[in-house]
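Enquirer: I would like the atomic coordinates for the input below:
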Amino acid sequence: MSDDGRMKTAAGQFTPVPGDIGANVHSMSALIRAASAQGARLVVFPELAVTGYDLKLIAQDPGLCVAPDDPRLEPVRAACRATSTAAVVNCAARGSGGRPTIASLVIGPDGELIARYDKLHPYGDELDLFEAGTEDGRFTLDGVRFATTICYDNRFPELAERARADNCRAYVASSALEVGNDSFESVYPVRARANGLYVLLANPVGPSGVGECAGGSAIWGPDGALLTTAGTGTPGLAVAELRL
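Expert: Numbering: from 1, shown residues only. Sure, this is the predicted structure:
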């Protein structure tokens, strides 16, 4: 963060290859480096970006669930270290019980894990595969407090309300939203405006288990105004400066 309290952040979008952790980690690593070249200190990625949002594939192959220290994530950790950038990487992660969770792993600028958040509200077919998390997601970067959420979590306004009460300044959402989903208009800007939070949304491009996704990753200001978008249909970054 700059001396005048400004921090550039980014929401990254790409087309995950179903089940190909190596390819997806490579895509995220490249986006981390590209975001850093634009001055970003933090990059957030879509829901289940590590494997692609393909629940049947994840159910059939337990090897698609990763651990926070999984060596397959090393290229992302290396990109964070090389650029001094933090990243929010979403995956199917091994849980403490018998089932995995949908988890956001927050990797710090030194490549080390600084936080893990497990999705509180799995939805639809996710309920058959994943266990729910039990705690709100929080992490601190350069003295700034962030909240982490995942897709359907954002339909619950109390998560953003708790983030505001907990002195968070920004609200980071990893999602998988199909074309036509109303969340871009009726959820994310509303959470920003109602709670005075910056909101970062990362959403994938291409086919997924929820239908065709078109990206639209974006950042909204605390007044609910759209600051930037990565556009639709192609991989890319939404980069904006947060005034903190």
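Enquirer: where does pLDDT dip in this structure?
Expert: 3 (pLDDT under 70).
Enquirer: all helices for it, in order.
Expert: Along the chain, counting by DSSP state H, helices occupy 21-37, 55-60, 74-83, 157-165, 183-186, 188-195.
Enquirer: minimum distance to residue 98: which of these has it?
Expert: Proximity to residue 98 (CB to CB) singles out helix 55-60 among the helices of the chain, at 13.5 Å. Bear in mind the C-beta positions are built from the backbone N, C-alpha and C, glycine included.
Enquirer: name the residues of the closest one that are buried.
Expert: For helix 55-60, the neighbour count (16 or more other CB atoms under 10 Å) marks 55, 58 as buried.
Enquirer: ok, now stretch 19-36?
Expert: Buried residues in stretch 19-36, counting neighbours by 16+ other CB under 10 Å, are found at 19, 21, 24-29, 31-32, 34-36.
Enquirer: who touches the spatially most central residue of the chain in this structure?
Expert: By CA atoms, centre = their mean, the chain has its centre lying nearest to residue 174, at 3.1 Å. Going by CB atoms under 8 Å, 6 or more residues apart in numbering, residue 174 touches 44-47, 49, 88, 90, 104, 148-151, 202.
Enquirer: repeat that for 10 Å
Expert: 11, 44-49, 88-91, 102-104, 117, 119, 148-151, 153, 200-204 (CB atoms under 10 Å, 6 or more residues apart in numbering).
Enquirer: so among the residues you listed, which ones count as buried?
Expert: 11, 44-49, 88-91, 102-104, 117, 119, 148-151, 153, 200-204.
Enquirer: narrow these to those in strands?
Expert: Judged by DSSP state E, strands contain the following of those: 11, 44, 88-91, 102-104, 117, 148-150, 200-202.
Enquirer: nearest to residue 4, out of the residues you listed: which one, please.
Expert: Using CB to CB, residue 200 comes nearest to residue 4 of these, at 20.6 Å.
Enquirer: show me the contacts for the closest one.
Expert: 9-11, 42-44, 88, 146, 148, 170-174, 188, 192, 217-220, 227, 238, 240, 242.
Enquirer: at 8 Å what do you get?
Expert: Going by CB under 8 Å, 6+ apart, residue 200 touches 9, 11, 44, 170, 171, 172, 173, 218, 219, 238.
Enquirer: same question, residue 14
Expert: The contact partners of residue 14, taken as CB under 8 Å, 6+ apart, are 24, 27, 28, 31, 49, 204, 205, 235.
Enquirer: got it, and residue 56?
Expert: Taking CB under 8 Å, 6+ apart, we find residue 56 in contact with residue 209.
Enquirer: 10 Å instead, please
Expert: Here residue 56 is in contact with 18, 125, 129, 209 (criterion: CB under 10 Å, 6+ apart).
Enquirer: just those now: which is nearest residue 79?
Expert: Proximity of the contacts of residue 56 to residue 79 (CB to CB) peaks at residue 18, which lies at 22.3 Å.
Enquirer: next, count neighbours for that closest one.
Expert: For residue 18, the neighbour count with other CB atoms under 10 Å is 19.
Enquirer: with residue 129 instead?
Expert: Neighbours of residue 129 (other CB under 10 Å): 16.
Enquirer: before we move on, the earlier item: among the contacts of residue 14, list the two that are farthest apart in space.
Expert: 28 and 205 (13.3 Å).
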